[in-house]
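Engineer: structure for this input, please:
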Amino acid sequence: MEYLHWDETTIADFSEANIAAQYERGYVFTRIGKGVMHQTRSVRVDLAKFELSSENRRILKKAAEANIALSTKPLPLADYHWSLGKLAKDFYEAKFGPGIMSAVKIKEILTDAAAGNFNSLLAYSTGAENSASAAYCIAYENSAMLHYSYPFYDLAAASKNMGMGMMLTAIEYAKKSGKRFIYLGSLQRPGDIYKLQFAGLEWFDGKMWQTDLEKAKMILNGK
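Structural biologist: Purely as a prediction, here's the structure:
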């Protein structure tokens, strides 16, 4: 699967200020290698402007009924288990086809700080005592922003709205944590239109951040 990007850069300065500046210019961290960033049609939510819609509330209510709870684990993981890599590989293979994400790459991202760019694993559990996490998202996080990057979960066991419930829970977490933005990947396929439903949404057009959602929909529909 070809990922949309207009430019590539590799940073050596991993300070929060420099990373935030790169994201402001439409660059996002990739899984290619340490410091490698791609400039893409990035999507973010200005959390100062974010408010839950009635549909957002409905999905979060379903998540609450399932006792879904979010916790964060710093990367690299000290307790990595092979089942995490398999879960991610199976998820991306089922969603996008074979060869998209290998278990070996997931292990590298989660355990090798010298090779990876991401520093947080969002873990979603049922909230029950001693329950195992049901879903995950690999993320980059600092005091000002959260990049919600690679979500994965058991598609066969998950509820219908699991993916959206995870994303909304992460948005609420970022807002409550006092962050300014949450980045939600990019707009490149027609299926990405679901990202346009959030209040405070902005997208990068290659030069500047836009708030015209109708224009974004036209681009996604190839018009």
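Engineer: who does the nearest residue to Q22 once chain neighbours are set aside bridge with?
Structural biologist: In space, and not counting its chain neighbours, Q22 is closest to M37: 5.7 Å by Cβ to Cβ, 6 or more residues apart in numbering. From N, CA and C alone the C-beta is placed, and that goes for glycine too. Listed by DSSP bridges, the beta-bridge partners for M37 are T9, F29.
Engineer: just checking, M37 touches T30?
Structural biologist: Yes. In this structure M37 lies within contact range of T30 using Cβ atoms under 8 Å: 6.4 Å.
Engineer: okay, now the unreliable bits of the chain?
Structural biologist: With pLDDT under 70 as the threshold, the chain has low-confidence stretches at 1-2, 127-132, 223.
Engineer: 50 - rerun?
Structural biologist: Along the chain, the model assigns pLDDT under 50 to residues 130.
Engineer: so where do the helices sit in this structure?
Structural biologist: With helices called from DSSP state H, the chain shows them at 16-24, 54-65, 82-96, 103-111, 162-176, 213-220.
Engineer: so what secondary structure elements neighbour the fifth one?
Structural biologist: For helix 162-176, the packing partners by 3 or more Cβ pairs under 8 Å, 6 or more residues apart in numbering; DSSP states H and E come out as helix 54-65, strand 69-74, strand 120-125, strand 133-141, strand 145-153, strand 181-186.
Engineer: strand partners (parallel or antiparallel) of the second one?
Structural biologist: By that I understand strand 69-74. Using DSSP bridges, the strands paired with strand 69-74 in its sheet are strand 120-125 (antiparallel).
Engineer: pretty sure T72 is touching L122, no?
Structural biologist: Yes. In this structure, T72 sits in contact with L122. The criterion is Cβ under 8 Å, and the distance is 5.9 Å.
Engineer: tell me which of these two has more neighbours.
Structural biologist: More crowded of T72 and L122, by other Cβ atoms under 10 Å: L122, with 23 against 17.
Engineer: do you know how far the more buried one is from M208?
Structural biologist: As for L122, its distance to M208 is 29 Å (criterion: Cβ to Cβ, to the nearest Å).
Engineer: same deal with K95?
Structural biologist: Following Cβ to Cβ, the distance that separates K95 from M208 is 31 Å.
Engineer: show me the contacts for the residue lying closest to K34 once chain neighbours are set aside.
Structural biologist: Once its chain neighbours are removed from consideration, K34 has its nearest residue in A115; the separation is 5.7 Å (Cβ to Cβ, 6+ apart). Applying Cβ atoms under 8 Å, 6 or more residues apart in numbering, one finds that A115 lies in contact with G33, K34, E108, I109.
Engineer: ok, the first one - contacts?
Structural biologist: For G33, the contacting residues are T10, A115, taking Cβ under 8 Å, 6+ apart as the criterion.
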